[in-house]
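A.B. asks: The following block contains a protein sequence and its predicted model.
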2 protein chains.
Amino acid sequence: MSLIAKLKRALTLAALCMATCPAFAQSIDIDKPLTIAKQGSFFVGGRDITSDTLSTLPQADPKGTVTVEQMYVQYQVPVHPSSTSVVFIHGCCLTGAEWETTPDGRMGWAEYFVRKGFPTYVVDQAARGRSAANAASVGAVKTGKLPPDALPSGFSVGREFAWALFRFGPRYPEAYPGLQFPLEAQDELWKQMVPDWAYSMSTPNPTVPSLGLLSGRLAKTVLISHSQSGIYPFQAVAGGADGIAAIVAVEPTACPAANVDARPYTRVPILLLYGDFIVESPPWAAHYAACKAFAASVNAAGGHVDVVETTQLGMHGNSHMLMQDRNNLKIADVVTDWIKHKVH
Amino acid sequence: MSLIAKLKRALTLAALCMATCPAFAQSIDIDKPLTIAKQGSFFVGGRDITSDTLSTLPQADPKGTVTVEQMYVQYQVPVHPSSTSVVFIHGCCLTGAEWETTPDGRMGWAEYFVRKGFPTYVVDQAARGRSAANAASVGAVKTGKLPPDALPSGFSVGREFAWALFRFGPRYPEAYPGLQFPLEAQDELWKQMVPDWAYSMSTPNPTVPSLGLLSGRLAKTVLISHSQSGIYPFQAVAGGADGIAAIVAVEPTACPAANVDARPYTRVPILLLYGDFIVESPPWAAHYAACKAFAASVNAAGGHVDVVETTQLGMHGNSHMLMQDRNNLKIADVVTDWIKHKVH
């Protein structure tokens, strides 16, 4: 019996009994106090730049040296930890907060994975959240030292545009029937969103070498990406990063092209995980088709890529925000079960 | 015997035995696992804006609604919690990461206060860290819809400028003798620094009403500010916010003026806490003098303001970054002892 068949049987059973036996979905008691052996934060990567447009305020020196492109990492290590660590990498226009408490106040994947025994690392991508953006060009344009088009290309995502991309419904504010995302708490999700400067940065994004450094330091690491960050773990593996034991790509917007050398990706087990309503969404149908072609190419080269849709496991109504949907911990169980089977 | 005299006696004893009995400084075992009853994150405040310059990228709609000015809050509640909560508010050009692990990898105040029994809330000020900045004007200037001077006035702080302000020494890179800040790990502090847009925001800063909302929700709250955020808790109290049980201002850059109505500030006990080398630093000598005048004014009106320099307690060499200095947990003990005596 294949792993996916096993997952499917277990999860179909779980789906059938959801109404009457909610404890099934969780093998652990999430209401119990949580004991942490060690927690904290640190930064990985970054480079120093000097600028004479750091400030446009009279009280601060415009000249000086700052560090940019570093990656913030916040972590918790449980007592009796697994030897496998997990690293959570958020998607577009969001920060590590995506993996914390859900918009409607339930436990997110970050804490849940700690409770399941994994040393857990949540990052803010370079230039987002607690990882500093480089604002020197803003000062340079404001003071006339550079023209307006020297400003970074960035975007904030309006909720009207995010709605269909996050597959809450076909168009704002219509919802798909049976949607698992807690729309009654959507305002809290919109508050998680921040401006995104990723498209003004180098390729690969500076987050990629930082993920490689972090994985090397942790030694046996599962990189769990979401959406826009989906390509990063593949780029880190292809770049020869040490310590990456597996990749879980939750709804990646991009995978490596199917016609490139697939061999680097045969080195680690890979899970591509998708929610519901893919066929209803032309951009997601295209992303999904491209990633399935990549998976086929890697598997043909001797790799180990599993492509799983939650609907195949008997779960329906999942949005793009799987880690925040009502059944988020049941989906987390799919991921932890996959890790336990695939990472040795 | 006055509280300050008691603190002084206890801390002088601690200072005398620092070399031989380091455990004295901590009444708790910081190497023991930590048990958390509840943790997570949420947002307070914020307002919706619509804009047609949210994006300068072809793949995202420039029009839409985003939320700005919300305040990110990350919290941990220990088992058997104190009925008094603490809220940590970072200073200029930093984020909540300031209160986490110190640059040289030791425990910060955020975790230490949890270990001492306080439900602990760490915020990112509006427009910094995981609290979204409003980037619409960047898109508007880049696309020629607004002139360059419509860009926000902000500043990143170069290390050369920060050095003297943080009182690491008289000028970069000279260090004061006996400095407690772990300069060997200074690069990690520079990585904590982010661009600061506070001076482009409304007065009071949107963080102030958000702190009021948070305090009201927590019911019995000690607001612990640092540096640039020092004025916020005073503004929240003067604005009539509920739930503020005390204010601890760690090296505030500003206090309310000494000649304003002092009565609002008589409602809560206040601790103004300072490190070493104040007299060596003209800007800090001025900030300190102004805050001492404020303290005198409030006390004359029947208030309860304590002004404490760590040097009065036998501790020498403390920088502006008291929460990251080598003796940071000993200083935290001063704060927790003060809270225990003052908040009922």
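C.D. replies: Yes, it's here. Numbering: from 1, shown residues only, chains lettered A, B, ... in the order given.
A.B. asks: Shouldn't A:Q228 be within a strand?
C.D. replies: No. Under DSSP: H, G, I helix; E, B strand; the rest coil, A:Q228 sits outside any strand and is assigned helix.
A.B. asks: what mean pLDDT does the helix ranked longest in chain A have?
C.D. replies: In chain A, taking DSSP state H as the definition, the longest helix is helix A:282-300. For helix A:282-300, the mean pLDDT works out to 98.
A.B. asks: after it, next one along is what?
C.D. replies: Going down the chain from helix A:282-300, the next helix or strand is strand A:305-309, by DSSP states H and E.
A.B. asks: when you scan the very next helix or strand once past that following strand, is anything in it near chain B?
C.D. replies: Using DSSP H and E, the helix or strand that follows strand A:305-309 towards the C-terminus is helix A:328-342. No. For a cut-off given as Cβ under 8 Å from any Cβ of the partner chain, helix A:328-342 has no contacts with chain B; the smallest distance is 13.4 Å. To be clear about C-beta, it is placed using only N, CA and C from the backbone, and glycine gets the same treatment.
A.B. asks: beta partners for A:D306?
C.D. replies: A:L271 (DSSP bridges).
A.B. asks: burial of it, as a residue count?
C.D. replies: A:D306 has 19 neighbours, counted by other Cβ atoms under 10 Å in any protein chain shown.
A.B. asks: now do A:F118
C.D. replies: Using other Cβ under 10 Å, A:F118 has 22 neighbouring residues.
A.B. asks: quick one: it and A:L57, what's the gap?
C.D. replies: Per Cβ to Cβ, to the nearest Å, A:F118 is found 44 Å from A:L57.
A.B. asks: swap in A:E98?
C.D. replies: 32 Å.
A.B. asks: Next: A:W99.
C.D. replies: For A:W99 relative to A:L57 (Cβ to Cβ), the value is 35 Å.
A.B. asks: between those two, who's got more neighbours?
C.D. replies: Comparing A:W99 with A:L57 by other Cβ under 10 Å, the one with more neighbours is A:W99, at 26 against 16.
A.B. asks: Which pLDDT value goes with the more buried one?
C.D. replies: 98.
A.B. asks: so who does the residue in the stretch 201-344 of chain A positioned nearest to chain B touch?
C.D. replies: Distances between the stretch 201-344 of chain A and chain B by Cβ to the nearest Cβ are smallest at A:P283, namely 9.5 Å. Residues near A:P283 by Cβ atoms under 8 Å, 6 or more residues apart in numbering or on different chains: A:L165.
A.B. asks: do you know how far the residue in the stretch 1-150 of chain A that chain B sits nearest to is from A:K145?
C.D. replies: Scanning the stretch 1-150 of chain A for the residue nearest chain B gives A:G64, at 1.6 Å (criterion: Cβ to the nearest Cβ). According to Cβ to Cβ, A:G64 stands 16 Å off from A:K145.
A.B. asks: neighbour count winner among those two?
C.D. replies: A:G64 (22 against 15).
A.B. asks: I figured the more buried one was touching B:W163, is that so?
C.D. replies: No. Counting by Cβ atoms under 8 Å, A:G64 sits too far from B:W163 to count as a contact (9.6 Å).
A.B. asks: what lines up beside the longest strand along chain A in the sheet?
C.D. replies: As assigned by DSSP state E, the longest strand anywhere in chain A is strand A:34-44. For strand A:34-44, the paired strands and their directions (DSSP bridges) read strand A:71-78 (antiparallel), strand B:34-44 (antiparallel).
A.B. asks: So in that sheet, which strands flank the helix or strand following the last one, and in what orientation?
C.D. replies: The helix or strand immediately downstream of strand B:34-44 is strand B:47-51, counting by DSSP H and E. Taking DSSP bridges as the criterion, strand B:47-51 pairs within the sheet with strand B:64-68 (antiparallel).
A.B. asks: Distance from the partner strand to the middle of the chain?
C.D. replies: Distance of strand B:64-68 from its chain centroid, counting by Cα atoms, centre = their mean, to the nearest Å, is 27 Å.
A.B. asks: quick one: contacts of it?
C.D. replies: By Cβ under 8 Å, 6+ apart, strand B:64-68 touches A:156-161, A:187, A:190-191, A:193, B:46-51, B:54, B:126-127, B:132-134, B:136.
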